[in-house]
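> Here you go, sequence then predicted model.
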Amino acid sequence: KAELIGIARKARSRAPMESLDRVEVTKELGVNGDYRGKLRRRQVTILAKEDWQAACREIGQGDIPWTERRANLYVCGIVLPRIKGSKLSIGGVIFEITGETDPCDRMDEVAMGLKDALTPNWRGGVTCRVVGAGTLSIGDPVNQII
């Protein structure tokens with residue numbers, strides 16, 4: 001079963017991640033309270049647990065918290081679409097994928113080699129814009145919209 005298992009936001013660049021159980025998501029501001037929400041092509045970032053764990057295993061690291069990736073949403077049980085323009089629904093919120101979340105040098109500050117481990121096959125997650133607003137809660141179902 002594909003579901004939302006994590007929600008996080010950051011007030012500014014390099015700020016600590018704040019984990020949440022529930023959050024409003026709007027077309028104008030993305031995840032409420034996240035500083036990147038006004039960026040049209042990168043309002044929200046989504047990371048798949050399976051991709052994160054594969055990258056961590058590849059560098060011999062077992063349990064790096066997903067929030068170190070600094071994504072907004074953490075999902076499991078789904079292969080995130082790797083095609084721009086694809087759509088996902090999480091709960092009642094609709095996201096359009098705008099691209100790959102490119103791993104940055106900061107990932108090697110977390111664990112050496114993590115940047116390279118996240119690079120293949122969009123393992124670092126996807127960037128999205130919000131096309132249908134709503135409230136997200138942990139446990140919400142995740143579906144690709146065909």
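The structure has been received and is ready for your questions.

> Contacts for the helix or strand of the chain with the lowest mean pLDDT, please.
Confidence across the helices and strands of the chain bottoms out at helix 106-110, with a mean of 94, counting by mean pLDDT, DSSP states H and E. With contacts defined as CB atoms under 8 Å, 6 or more residues apart in numbering, helix 106-110 is touched by Ile64, Glu68, Arg69, Arg70, Leu114, Lys115, Leu118, Gly124. To be clear about C-beta, it is placed using only N, CA and C from the backbone, and glycine gets the same treatment.

> mind running it again at 6 Å?
For helix 106-110, the surrounding residues in contact (CB atoms under 6 Å, 6 or more residues apart in numbering) are Glu68, Leu114, Lys115.

> can you count the residues close to the residue lying closest to Gly124 once chain neighbours are set aside?
Counting by CB to CB, 6 or more residues apart in numbering, Leu118 is the residue found nearest to Gly124 once chain neighbours are left out, at 4.0 Å. Neighbour count of Leu118, defined by other CB atoms under 10 Å: 27.

> Mind pulling up the pLDDT for Leu118?
The confidence metric pLDDT takes the value 97 at Leu118.

> From Arg106, how far off is it?
11 Å (CB to CB, to the nearest Å).

> How about Ser89?
Ser89 sits 30 Å away from Arg106, taking CB to CB as the criterion.

> which residue sits closest to the residue positioned nearest the centre of the chain, ignoring its sequence neighbours?
If you average the C-alpha coordinates of the chain and look for the closest C-alpha using CA atoms, centre = their mean, you land on Ile46, 1.8 Å from that point. With CB to CB, 6+ apart as the criterion, Ile46 has its nearest non-adjacent residue at 4.6 Å, and that residue is Leu73.

> for the chain, longest helix please?
Scanning the chain for the helix with the most residues, using DSSP state H, yields helix 49-58.

> So which other helices or strands are in contact with that helix?
Using 3 or more CB pairs under 6 Å, 6 or more residues apart in numbering; DSSP states H and E as the contact criterion, the secondary-structure elements in contact with helix 49-58 are helix 114-118.

> helices and strands around the helix it packs on, which ones?
For helix 114-118, the elements it packs on are helix 49-58, helix 106-110, judged by 3+ CB pairs under 6 Å, 6+ apart.

> Lovely, talk soon.
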